[in-house]
Each structure stands twice: as structure tokens, then as C-alpha cells.
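# model the following, please.
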Amino acid sequence: MKKTIMALGAALMLTGVSSAQKVAFEEFDLDNGMHVILHNDPSAPVVITSVMYHVGSKDENPDRTGFAHFFEHLLFEGTQNIKRGEWFKIVTSNGGTNNANTSDDRTYYFEVFPSNNLELGLWMESERLMHPVINKIGVDTQNEVVKEEKRLRVDNQPYGNLIAQVKKNMFTVHPYRWTTIGSMDHLDAATLEEFQAFNKKFYVPNNAVLVVAGQLDIPQTKNWIKKYFGAIPRGADIKRNTYTEEPITQPRKATYEDPNIQKEMVVATYRTPSMKTREARVLDMVSSYLSDGKSSKLYKKIVDDKKMALQIGAFNYSQEDYGMYILYGMPQGKFTSADLISEIDAEIVKLQNELISETDLQKLKNKFENNYVNSNATVEGVAENLASYYMLYGDVNLINTEIEIFRSVTREEIRDIAKKYLNPNQRLILDYVPAKDKAENKQ
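Next comes the predicted model:
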């Protein structure tokens, strides 16, 4: 009887979680093409105003890389009505926080305020869009900021160039072949007019989605949105190029010498489909099965049992057009990178030819269910998810339904997707090694 009551209680709790996780939202378009999504959550007196622009490093010219990330910084410099250096002071003095981030595919800005400062947040984001001041002093200042960021996070960071080297060798024609932070030489060579033209092209309402989430008065919020954003002129329609990479059918090999490391790492990378696809979600589960946590197959076998590596891991690097499935390992003792690749391959072959157990499949589904709950556990997480699902996936309601894709994945799918994408002739093997002569490898 006690067990029955406990089981019933657990079932009720799960039902409650599932119900609580459903995200209600309302969406509409302004006349200038800006898409708006509203989510009312009265549970706490906070509100987030956020704008995602459909511009990332893939939208740059090959000789002007780094522009999208540069604008992440530049558009905090000030506007016609917010003096230079005042942006952060206004936010903090009104009890708020703010930030921004850039990827290969999009740029995202947001402020979190007490809910009684919603109008302020909307005004500030409309100012960033309508009245940015892009002048020489701002460009020069942020140029130094970005250079310092690159020195700190890439040039002087152990293994800091790993993703850059993977991308460079995995993509031939697609702009994913360069990094989001881009080239400092390109930024130095750019003129003020080029920065202004980039802003005029991409930072327009018809290339953006505005998400307002938190404790909202919906009618009042709509009025403020129309007041502050409605008069912003529509920009010219953006013509985007399409880049198609030929399939990788022969193994690729590359070596990179890093002056910041003492221990070599081997990286095996496979090109994978767009994150919009079901296959990409299955590869997320494959990655988790192989390397997520100390009970994962690769970690337990190669690190714990055989003591062949200090570290082993895998992750699915999901993007709008293509993804990359990246496996990495750090050999130790008498073992070599080739030994690690051999052991990794053996585990992948097993995955390609045998069904994982029902217990392992349920464990994976539980893990992704937990990830889903956590991703929507804060108003900030909900806001970014709403923006991403609209802009990059074309379906806002995936915030409620994507978990059903993971729940429906079968053991046969995991086997078949591993067989389709994780073969030796479809990958890059990158030997990421200590520099022989650090002086020659300084950047």
C-alpha cells in the first residue's frame, strides 16, 4: 500500500512538472516586419526585454570576419539619446542586469529588470535599434576590447584554438570555416563606413525578434512596443547566400601546434546535419550516451577501466546550416592518440551494430527530460528559447514540443544514425599537440 501511495505521489509530481513546463506565449508582427513574442510569468516581479538579430559570423565577408561579434560590443557604446558610457550605468542604477552573445548564426541582446522598469528596457532596445551611434571613437575603443578578449580566450588559453582548427578543416566553402571572434587584421583594416553599412544591412526590425517575458501587463506591453518600435523603418530585404558543402568521403588529417599546452589531444570530427533536423537530436543523444558523465561508455572504458586517457569526451556542435560531432581525448602514459581513436572506433562500431539496452535508452530520455526542464526554469532561459525557436527553427512552439522528439527516439534510430554519420571515411582527425618551438607559434 505504501509503495502504491509513493508511486501515485511520484506520478502526480511528474504531471505537475509537465504542466508547469508548458510555456504560454503570444506572438504578432509589427508593420515594419519585427516579430514580437510575449510570455507572461507572474511568479516573480522581474521582466526580460530581449532582441535577437538574424546575423552571425556566417553573414560576414571572408575578408571582414569578426563583424557580428564586434557589433555585440559596439552596440553598447551609446545612442543619440544614451550618452557614450551610460548604457550600463542606466541598467544597474535601475536594478537591472544586461548582456549579449553572438554565434555563427545570430546575435542576442537582453536586459533583466524589476517588472516596474519594463518600459525602460523597451526604450533602451529600441534606441539600440533606431539610434545607434557608430563613430570612430566607439570602433577604436571596442577594437581594443575585442583584441583583449581574443588574447584572453583564444591566443593565450590552453586548447583555445581547437574549435578554430576544427572548423577550418571541416568546411571548405561555408562561412562556418572561420570563428565567431574573427580576424583582428580584418577588423583593423575595416573602415568606419563598412561598420555603418553592416549595421544598416542587418540591424533592422525585419531581421529581428523581440521577446518580452516575465511579469507583464499584456495590453500595456503591446502599447509600449508599438510606441517604441512601431516607428522604426523597415530595412531592405536581406538576400542570403546558400552554401553547400560536398560530403566528406575520404578521411581528413590535420595537425596544429599550440604553444600554450604540454599535453597532446586528439580530435575526431564528423560533419552532421542542421540542428533543425530530427537526426541532429538523435546525435545529441548519441553524444550523451558515449561521453556525458563518468558512467558514459567512453569515459568508463577508456579513462576508468583501461586508464588510457586523462580525459575523453564528445559533443554535438549544433548550428543552423550544418553541425559537427566532435570527439576528443587526451592520452596518458604509454598510450597514443592512435590508441584512443582505436578504442573510440570500437565503441562506435558496437553502437552501429547493436541496439543499446532499454535501460540505457530510458536513462538518456530521463537526462534530456531534465535538460528540458532546466532550460525553461528561468525567465531568461524561456526568453532566449522563444527567440531561438522562432528565428533559427521557424517554430516557436518547439519550446513545448521539442521534448516529444527526444521522447520518441528509438534504439534503432540511435543505431542507424550512428551508422550513417560516424564512419572513419567521413571525419577529420586533428592532432592537437604542444608547439615544438613556442617562439614560432606565437600569434
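
# surely residue 194 and residue 60 touch.
No: between residue 194 and residue 60 there is no contact under Cβ atoms under 8 Å: 10.7 Å. In short, each C-beta sits where N, CA and C put it, glycine included.

# the more surrounded of these two?
residue 60 (23 against 16; other Cβ atoms under 10 Å).

# please name the residues that touch that one.
66-68, 175, 178, 182 (Cβ atoms under 8 Å, 6 or more residues apart in numbering).

# identify the contacts common to residue 194 and residue 60.
The contact sets of residue 194 and residue 60 do not overlap (Cβ under 8 Å, 6+ apart).

# who are the contact partners of the spatially most central residue of the chain?
Centroid check for the chain by Cα atoms, centre = their mean gives residue 103 as the closest residue, at 6.0 Å. With contacts defined as Cβ under 8 Å, 6+ apart, residue 103 is in contact with 56-57, 180, 319.

# among these, which one sits closest to residue 420?
Residue 420 has its nearest neighbour among these in residue 319, at 18.5 Å by Cβ to Cβ.

# residue 425: how many residues sit nearby?
Neighbours of residue 425 under the rule other Cβ under 10 Å: 10.

# which SS class is it?
Following DSSP: H, G, I helix; E, B strand; the rest coil, residue 425 is assigned to helix.

# can you tell me the distance between the two ends of stretch 403-422?
24 Å (Cα to Cα, to the nearest Å).

# and what of stretch 291-301?
First residue to last in stretch 291-301 (Cα to Cα) measures 10 Å.

# can you pull out the strands in the chain?
Using DSSP state E, the strands of the chain run over 26-29, 35-40, 46-53, 97-102, 107-114, 208-214, 252-258, 265-273, 309-317, 322-331, 427-434.

# those: lowest mean pLDDT?
Among the strands of the chain, strand 309-317 carries the lowest mean pLDDT, a mean of 90.

# show me what that one is packed against.
Here strand 309-317 touches helix 278-291, helix 297-298, strand 322-331, helix 337-353, going by 3 or more Cβ pairs under 8 Å, 6 or more residues apart in numbering; DSSP states H and E.

# swap in 6 Å and give it another go.
helix 278-291, strand 322-331 (3 or more Cβ pairs under 6 Å, 6 or more residues apart in numbering; DSSP states H and E).

# of all these, which gets the most neighbours per residue?
Ranked by mean neighbour count under mean count of other Cβ atoms under 10 Å, these are led by strand 322-331, which reaches a mean of 23.

# how about it as PDB, C-alpha atoms only?
Extracted in PDB, the C-alpha atoms of strand 322-331 (Å, rounded to 0.1, in the frame of the first residue of the first chain):
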ATOM      1  CA  TYR A 322      25.400  22.200 -40.600                       C
ATOM      2  CA  GLY A 323      26.600  20.700 -37.300                       C
ATOM      3  CA  MET A 324      29.800  19.000 -36.200                       C
ATOM      4  CA  TYR A 325      30.000  15.900 -34.000                       C
ATOM      5  CA  ILE A 326      33.300  16.300 -32.100                       C
ATOM      6  CA  LEU A 327      35.100  13.600 -30.100                       C
ATOM      7  CA  TYR A 328      38.200  14.300 -28.200                       C
ATOM      8  CA  GLY A 329      40.700  12.500 -26.000                       C
ATOM      9  CA  MET A 330      43.900  13.200 -24.100                       C
ATOM     10  CA  PRO A 331      46.200  10.100 -24.000                       C
END
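
# would TSV of the contacts of residue 103 with pLDDT, distance to residue 305 and neighbour count be doable?
Below are the contacts of residue 103 laid out as TSV (pLDDT from 0 to 100; distance: Cβ to Cβ, whole Å; neighbours: other Cβ atoms under 10 Å):
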residue	pLDDT	distance to residue 305	neighbour count
56	98	41	24
57	97	40	23
180	96	38	23
319	96	34	20
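
# kindly reformat these as JSON lines containing distance to residue 207.
Formatted as JSON lines, these follow (distance: Cβ to Cβ, whole Å):
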{"residue": "56", "distance to residue 207": "12"}
{"residue": "57", "distance to residue 207": "15"}
{"residue": "180", "distance to residue 207": "18"}
{"residue": "319", "distance to residue 207": "18"}
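
# what lies in contact with stretch 381-390?
23, 37, 39, 48, 50, 52, 209, 211, 213, 375-376, 395-396, 398-399 (Cβ atoms under 6 Å, 6 or more residues apart in numbering).

# again with stretch 289-308
The contact list for stretch 289-308, computed with Cβ under 6 Å, 6+ apart, reads 309, 312-314, 335, 343, 347, 364.

# confidence score at residue 295?
So, for residue 295, pLDDT stands at 81.
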